[in-house]
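1. Kindly generate the corresponding structure for this input.
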Amino acid sequence: MFDGQGYYFFNDQLNYYAEVISYNKLVSDAKKRNRIFFEMLKIPV
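-> Residues are numbered from 1 along each chain as shown. Below you'll find the model as predicted:
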C-alpha cells in the first residue's frame, strides 16, 4: 500500500483480490473516513 502499512494482491487464476492490514490501521482509517458522522452522533473520536 502507498502508506506502507499493509499490502494487497490479485490472483488471476482464482480471480480474487485481497488486502492485509493491521487492526490499528483499520480503526484509524475508519475514524478518518467517518469523523463528521461520529461528531454528529456525539461519539468521541
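
2. Where does pLDDT dip in this structure?
-> 45 (pLDDT under 70).

3. From the centroid of it, which residue is nearest?
-> The residue lying closest to the centre of the chain (Cα atoms, centre = their mean) is L26, at 4.2 Å.

4. Let me know the secondary structure of that one.
-> Classification of L26 by DSSP: H, G, I helix; E, B strand; the rest coil places it in helix.

5. cool, K42 as well?
-> coil.

6. and it, what are its phi and psi?
-> phi 60, psi 40 (degrees, to the nearest 10).

7. Ok, I21 next?
-> Taking degrees, to the nearest 10, you get phi -140, psi 160 for the backbone angles of I21.

8. need the contact list for it.
-> By Cβ atoms under 8 Å, 6 or more residues apart in numbering, the contact list for I21 reads 1, 5-6. Every C-beta, even on glycine, is put in place using the N, C-alpha and C of the backbone.

9. run the last query once more with 6 Å
-> By Cβ atoms under 6 Å, 6 or more residues apart in numbering, the contact set of I21 is G6.

10. Return the distance of it relative to R35.
-> Distance, I21 to R35, using Cβ to Cβ, to the nearest Å: 19 Å.

11. do the same with Y8
-> Y8 sits 24 Å away from R35, going by Cβ to Cβ.

12. tally of neighbours for N15?
-> Residues near N15, counting by other Cβ atoms under 10 Å, number 7.

13. just the one 5 residues further on next, same as before
-> Neighbour count of V20, defined by other Cβ under 10 Å: 10.

14. what's the answer for Q5, then?
-> Counted by other Cβ under 10 Å, the residues lying close to Q5 total 13.
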